[in-house]
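Engineer: Kindly return the folded structure for what I paste below:
(one chain, ligands or ions: 1)
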Amino acid sequence: MSSAKREIILGVGGGIAAYKSCELLRRLQDLDFAITVVPTPSSLNFVGTATWEALSGRSVTTQVWEKVEQVKHISLADLAEAIIIAPVTADLLARLAQGRAEDLLTNIVSASKAPKFLVPAMHPNMWLNESTQENVKILKARGFEIMNPDNGRLTGEDSGIGRFPETSEIISKFLSQIGSEQDLEGKKFLISAGGTRESIDPVRFIGNRSSGKQGVAIAVEARNRGAEVSLVLANSNISDVAGIETIRVETAEQMHSVLKKKMPDCDVLVMSAAVADAKPAFSSAEKIKKKEFNSIDLIANEDILADLSSSANDSQLIVGFAAETSDVEESGRAKLKAKNLDFIYVNDVSDGAIFSSDLSAGFLISSEGNSTPIEQTSKAKVARIILDNVVSRLSYANG
Ligand code: CTP
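Structural biologist: All right, here's what the predicted structure looks like:
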């Protein structure tokens with residue numbers, strides 16, 4: 001999977017609901033977050049280090065005294081874009097409210113400037129206890145986002161407010177907190193990604209260096225923001241992502257036919273695939289022998305984007321891509337115009353570094369003439385910038 005992922009920390013407090021955080025971790029991974037789990041020492045009574053290491057695929061420590069040379073409380077605090085702690089106990093709330101820093105998790109919280117999202121779960125008597133409520137108030141005033149526990153059956157016989165909320169509830173609140181607003185809900189996205197291959201013979205093909213990472217990052221971001229996403233993916237080794245319909249193709253012709261069929265049903269087309277401009281005039285069924293392999297006659301592939309754009313309706317929004325090695329911005333503007341696009345993201349591929357990389361740099365140019373330079377950043381960030389612009393254009397169009 002692409003590692004253009006958003007880094008977060010999942011803190012786990014010492015309550016029985018710690019076992020439910022295993023599921024929370026899984027669902028957050030489905031959303032393509034890269035997650036470091038930081039349990040409190042007491043939470044290991046419920047779920048042990050081995051479980052968290054196996055599920056997260058990362059090493060797990062609870063104290064600043066382990067792996068001291070890595071200065072983990074600072075490096076993790078700097079790395080994480082957000083911290084979610086679930087469950088949070090009454091004791092952990094009290095420690096956080098006091099700004100204490102005696103284990104790795106509380107050290108990270110005190111060193112981090114990232115948004116912090118707490119999911120308390122405890123017995124109703126403890127939740128409603130004045131000290132606990134006072135601590136909640138203090139933390140809220142300091143900018144912590146704190147979810148209310150659910151009402152219902154508790155660990156023992158009794159019931160009341162204090163239950164760990166449903167995982168989907170937690171995730172939807174967490175996403176809105178860290179900027180994944182559901183601002184694309186109800187919108188249908190058709191996204192192409194990867195690089196097409198044109199067969200020369202059963203062994204050889206004409207292809208390109210596209211990995212599909214940028215298109216997949218856009219698909220993931222669109223899904224996270226509530227869109228219904230179909231991804232037409234050419235020759236990429238990126239595995240299917242939950243919640244995204246993925247159709248795999250090989251050639252430009254196959255890609256064209258899938259996109260053409262799906263185009264009438266979409267609100268936004270994002271054409272990030274690298275489509276081979278030409279294909280062999282003749283694809284041999286037999287492997288061509290070395291001594292006969294001197295030249296390849298080519299015929300042009302149809303320009304898929306130009307074709308889809310020419311038959312698009314006024315309400316459909318189209319984002320094209322370009323890869324340029326010189327006159328990057330100017331070439332981007334020319335293609336935007338020639339193919340009648342709403343936006344074009346033009347990659348600067350002059351040093352070849354973009355392909356397969358998790359980073360990208362270029363310009364996002366709009367049909368209104370605005371050009372936003374994008375300094376080298378993650379493909380996930382580029383995806384967010386592109387979709388922020390798409391959202392503004394859609395809301396402008398809807399009046
Ligand atoms: N594209 C397409 N079909 C093609 C070629 C390109 O749909 N046969 C799309 C790409 O997916 C991209 C955009 O057109 O969104 C620009 O692709 P690019 O290869 O940079 O531009 P070309 O128009 O092919 O121009 P050139 O190769 O001459 O720079």
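Engineer: only C-alpha atoms for contact and neighbour calcs from this point on.
Structural biologist: OK.
Engineer: can you pull out the strands in the stretch 251-399 of the chain?
Structural biologist: Along the stretch 251-399 of the chain, the stretches classed as strands by DSSP state E, counting those that start in this stretch are 268-271, 278-280, 298-300, 317-324, 343-348, 359-366, 371-378.
Engineer: Could you name the helices and strands sitting against the third one?
Structural biologist: Identification of packing neighbours for strand 298-300 by 3 or more C-alpha pairs under 8 Å, 6 or more residues apart in numbering; DSSP states H and E yields strand 278-280.
Engineer: cool, and the second one?
Structural biologist: Helices and strands in packing contact with strand 278-280 are listed as strand 198-199, strand 298-300; criterion 3+ C-alpha pairs under 8 Å, 6+ apart.
Engineer: Relative to that strand, what are the paired strands and their orientations?
Structural biologist: Using DSSP bridges, the strands paired with strand 278-280 in its sheet are strand 298-300 (antiparallel).
Engineer: cool, and the last one?
Structural biologist: Partner strands and pairing direction for strand 371-378 (DSSP bridges) are strand 359-366 (antiparallel).
Engineer: Provide the contact partners of the partner strand at residue level.
Structural biologist: 4, 328-329, 332-333, 336, 342-348, 354, 371-379, 382, 386 (C-alpha atoms under 8 Å, 6 or more residues apart in numbering).
Engineer: by contact count, what packs against the one helix or strand residue 172 maps to?
Structural biologist: Under the criterion of DSSP states H and E, residue 172 resides in helix 167-177. Other helices and strands packing on helix 167-177, by 3+ C-alpha pairs under 8 Å, 6+ apart, are helix 20-30, strand 116-120.
Engineer: Phi first, then psi, for residue 34.
Structural biologist: Residue 34 adopts backbone torsions of phi -100, psi 120, taken as degrees, to the nearest 10.
Engineer: can you count the residues close to it?
Structural biologist: By other C-alpha atoms under 10 Å, 20 other residues sit near residue 34.
Engineer: mind listing what it touches?
Structural biologist: Here residue 34 is in contact with 3, 5, 6, 7, 8 (C-alpha under 8 Å, 6+ apart).
Engineer: What of residue 344?
Structural biologist: 319, 320, 321, 322, 332, 333, 335, 336, 364, 365, 366 are the contacts of residue 344 under C-alpha under 8 Å, 6+ apart.
Engineer: Please produce CSV containing these, extended by neighbour count, distance to the ligand and pLDDT.
Structural biologist: Below are the contacts of residue 344 laid out as CSV (neighbours: other C-alpha atoms under 10 Å; distance: C-alpha to the nearest ligand atom, whole Å; pLDDT from 0 to 100):
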residue, neighbour count, distance to the ligand, pLDDT
319, 25, 7, 98
320, 26, 4, 98
321, 22, 4, 98
322, 23, 4, 95
332, 27, 8, 97
333, 24, 11, 97
335, 17, 7, 97
336, 25, 9, 97
364, 25, 13, 97
365, 25, 13, 98
366, 22, 14, 98
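Engineer: among the helices and strands packed on helix 167-177, which is nearest residue 67?
Structural biologist: The closest approach between residue 67 and any of the helices and strands packed on helix 167-177, judged by C-alpha to C-alpha, belongs to helix 20-30 at 23.6 Å.
Engineer: contacts for the closest one?
Structural biologist: Contacts for helix 20-30 (C-alpha under 8 Å, 6+ apart): 10, 12, 35, 52, 55, 56, 86, 87, 167, 171, 241, 242.
Engineer: just stretch 259-273 next, same as before
Structural biologist: For stretch 259-273, using C-alpha under 8 Å, 6+ apart, the contacting residues are 187-196, 210, 212, 214-215, 232-234, 305, 308, 312, 315-321.
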